[in-house]
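Participant: pasting the structure only:
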DNA sequence: GCCACGAATGTGTACGTTCACAACCGTAGC
DNA sequence: GCTACGGTTGTGAACGTACACATTCGTGGC
């Protein structure tokens, strides 16, 4: 027995994990039958199947992903490409993603993007490709990311999360336009003549969508459409926008690009004695965990990030397993959550 | 030539990726030499080495992790076990983790924990084990997680992030005790007689540490040590604690368990006409992105989550590669960031 | 009662890499 | 000039699984 088993021989610790061959021996079948049970092949007699299952359980058998990946060339690993931004919300969909993925038997690996130039995207994709990922989820709602993704292998299924309806890749996300319209219509319905908007960074997909939703609601109501103020989704930019807005006469309603922007705005207003909602109504976007405890509690648009994660995964897995090639864009409907930062325009 | 290549035969799309054999042929060496270059084996002549490197570059060769994992039994994949909590900060160290891991040539996969009972931890660990992960990073600063982890294979290196100095596993994190002391001493130095504390959930490691730091600072100053108020790190619990605290006479300083708690507290105080910092000073913990824009901007304790992620990874990789077995607890020093929510006690 | 056919199961091989060991090369020692 | 040895390179095998194909078994049709 000159066999040289790396494990189990020297360490003594933990014997070599069981393989399908061990399972086969115990179940008195061939290893191929075990493989069939593993892959849910139809033509395995129920009794045989059960015997194999029992043997697996008895041995504590766990399939080797490495071996499977090696032979098939595809792993059941999904790669998540996330843009490394200060905004911690970026990773919020991750929980939903992991959970859904696991339920479908997939493993989730991450690769982050320090920037969205081609080289960086390329490097990240390469890193994931080394793992033979079966598909890619991209959380980088930036136009440039789309361009960079064209360098990815064309046979690799990709779904963008919260971004890109440009048609290059399929995507799942919240209907930003509808959300912005919800926010704006809410303010209009309260009697405000018009609504100012602090937008996000221009290269983000959501920015354009929210601007569009806001503008269309305004136009539909025949209201003035002021210039949107520049922002970058940080509280700081909201604060700075607030400094500008506090000098605007006749201002009664602001739709902030997101909750954080609204937070900064609230602070700027507070410092200048502008009361919310008595003087100015403010609406945010996201409905983060903190929004109900802003001062005042923020009226905002809720995005169900977990639902987005689930949707994205199911789209991706469809593409992987059924070869779906469509460029659908699944949208989750947002919901307006009215709190105390909005009130009727004064008569 | 009856070979049956799965790829490249039918699709026409993308020919079979190059292997070390292809590289070897191009570099005029044996595949084993290529393998040596790959593994940085010392005895490869520089010229040979370069020839191999050139061949790799020319072919666009990418090593197959699956094959490597299959034969070695270990992948260069690190598993991150994260507790799925509402608190989105939970994933903050992830970017730092991924980045450091990638620099060291590791891939990061995630598994989340819906709860910390043994079954759930077991399931998550199993899921990661199927990937033959080389090590585990656990972001679940809860006592119960420690207990559950004992069921993990004993030869699997594990490092806890932000938790557990219980001695069961090594850990990396911010020095919570020092941070709490910093916060408390700051308030004491401002002339406050004592400092109230809203603690986190009792099962969290940080809760105890912060309570200890706070108490020891108080005791060192000979100040009264009030009962800490229960909280769960949400803004909601801070708000509720604020309702209680607003009825406490003589209250001048509060150390909130974290920023979010402070946010809720701020709202409760504001609603009751208690001014911050004129009437009561408030300190938070975390220094999240929003803290500078709370109303008023929050004095808080900064935790460098990315540094923690880096530290954790380097500890873990040490354990993996050098077989380090120590149960060290690397601590990153926190930093007090003074803003406008704290002021001198009134004379 | 024989053949055909589908269901069920078994055998051979390949996937791309690393490990163990063998072979080769040149140089230093005597 | 021969031997020994370290540095360098090559050969054979194995890792655990899935696919292609071969084989066996059972059943129905004639």
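Facilitator: Received it, and whenever you're ready, just let me know what you need. This one's a predicted model, so the numbers in the text were calculated from it and none came from an experiment.
Participant: okay, domains of chain A per the record?
Facilitator: Each domain of chain A is listed here as a residue range: A:12-50, A:77-175+A:306-334, A:176-303, per automatic domain parsing.
Participant: residue A:193 in helix, strand or coil?
Facilitator: Following DSSP: H, G, I helix; E, B strand; the rest coil, we place residue A:193 in the coil state.
Participant: ok, now which ones touch it?
Facilitator: Neighbouring residues of residue A:193 by C-beta atoms under 8 Å, 6 or more residues apart in numbering or on different chains: A:223, A:224, A:250, A:252, A:345. C-beta coordinates here come from the backbone N, C-alpha and C atoms, glycine included.
Participant: spell out which parts of the stretch 1-150 of chain A neighbour DNA strand D.
Facilitator: By the rule C-beta under 7 Å from any atom of the strand, the part of the stretch 1-150 of chain A lying against DNA strand D is A:3, A:5, A:16-17, A:19-21, A:31-32, A:35, A:38-39, A:61, A:63-64, A:67-68, A:70-72.
Participant: now, which of the residues you listed lie within helices?
Facilitator: The members of those that map onto helices under DSSP state H are A:20, A:21, A:31, A:32, A:35, A:38, A:67, A:68, A:70, A:71, A:72.
Participant: most neighbours, which of these?
Facilitator: Using other C-beta atoms under 10 Å in any protein chain shown as the neighbour test, those are led by residue A:20, with 23 neighbours.
Participant: and the closest residue to it other than its chain neighbours, how many neighbours?
Facilitator: Ranked by C-beta to C-beta, 6 or more residues apart in numbering or on different chains and with sequence neighbours excluded, the top spatial neighbour of residue A:20 is residue A:34, at 4.3 Å. Residues lying near residue A:34 (other C-beta under 10 Å) number 27.
Participant: cool, residue A:227 as well?
Facilitator: Residue A:227: 8 neighbours (other C-beta under 10 Å).
Participant: repeat that for residue A:123.
Facilitator: Residue A:123, neighbours per other C-beta under 10 Å, totals 15.
Participant: and if you look at the one 4 residues further on?
Facilitator: Neighbour count for residue A:127, taken as other C-beta under 10 Å: 23.
Participant: and residue A:264, by the same measure?
Facilitator: Residues within reach of residue A:264, counting by other C-beta under 10 Å, total 25.
Participant: check residue A:344 too.
Facilitator: Counted by other C-beta under 10 Å, the residues lying close to residue A:344 total 12.
Participant: give me every residue that touches it.
Facilitator: By C-beta under 8 Å, 6+ apart, residue A:344 lies in contact with A:190, A:191.
Participant: what pLDDT does it get?
Facilitator: Among the per-residue scores, residue A:344 shows a pLDDT of 95.
Participant: please apply the same query to residue A:153.
Facilitator: With respect to pLDDT, residue A:153 scores 69.
Participant: ok, now residue A:10?
Facilitator: 33.
Participant: re the thing from before, who wins on neighbours among the contacts of residue A:193?
Facilitator: Within those, most neighbours by other C-beta under 10 Å means residue A:252, with 21 neighbours.
Participant: ok, that one - contacts?
Facilitator: Residue A:252 sits in contact with A:192, A:193, A:279, A:280, A:281, A:345, A:346, where contact means C-beta under 8 Å, 6+ apart.
Participant: how far away is it from chain B?
Facilitator: Using C-beta to the nearest C-beta, to the nearest Å, residue A:252 is found at 21 Å from chain B.
Participant: other SSEs contacting the longest helix seen in chain A?
Facilitator: Ordering each helix of chain A by length in residues (DSSP H) puts helix A:305-322 first. Secondary-structure packing of helix A:305-322 (3 or more C-beta pairs under 8 Å, 6 or more residues apart in numbering or on different chains; DSSP states H and E): helix A:93-103, strand A:135-139, strand A:158-161, strand A:170-174, strand A:329-332.
Participant: could you point out the helix or strand that follows the first one?
Facilitator: Counting by DSSP states H and E, the element after helix A:93-103 in chain order, helix or strand, is strand A:107-113.
Participant: who are the packing partners of that following strand?
Facilitator: Under the contact definition 3+ C-beta pairs under 8 Å, 6+ apart, strand A:107-113 sits against strand A:77-83, helix A:93-103, helix A:118-129, helix B:93-103, strand B:107-113.
Participant: what's near enough to touch the residue nearest to residue A:20?
Facilitator: Counting by C-beta under 8 Å, 6+ apart, residue A:34 has contacts A:20, A:23, A:24, A:27, A:52, A:55, A:56.
Participant: next up, the contacts around residue A:132.
Facilitator: By C-beta under 8 Å, 6+ apart, the neighbours of residue A:132 are A:69, A:73, A:74, A:75, A:77, B:64, B:65, B:66.
Participant: rerun at 10 Å
Facilitator: Contact partners of residue A:132, counting by C-beta atoms under 10 Å, 6 or more residues apart in numbering or on different chains, are A:66, A:69-70, A:72-77, A:79, B:17, B:62, B:64-66.
Participant: just the buried members of those residues?
Facilitator: Those of the contacts of residue A:132 that meet the buried threshold are A:66, A:69, A:70, A:75, A:76, A:77, A:79, B:17, B:64, B:65, B:66, by 16 or more other C-beta atoms under 10 Å in any protein chain shown.
Participant: could you check how far the nearest residue to residue A:233 once chain neighbours are set aside is from residue B:107?
Facilitator: The spatially closest residue to residue A:233, leaving aside those adjacent along the chain, is residue A:200, at 4.8 Å (C-beta to C-beta, 6+ apart). Counting by C-beta to C-beta, to the nearest Å, the gap from residue A:200 to residue B:107 is 31 Å.
Participant: thanks again, I'm all set now.
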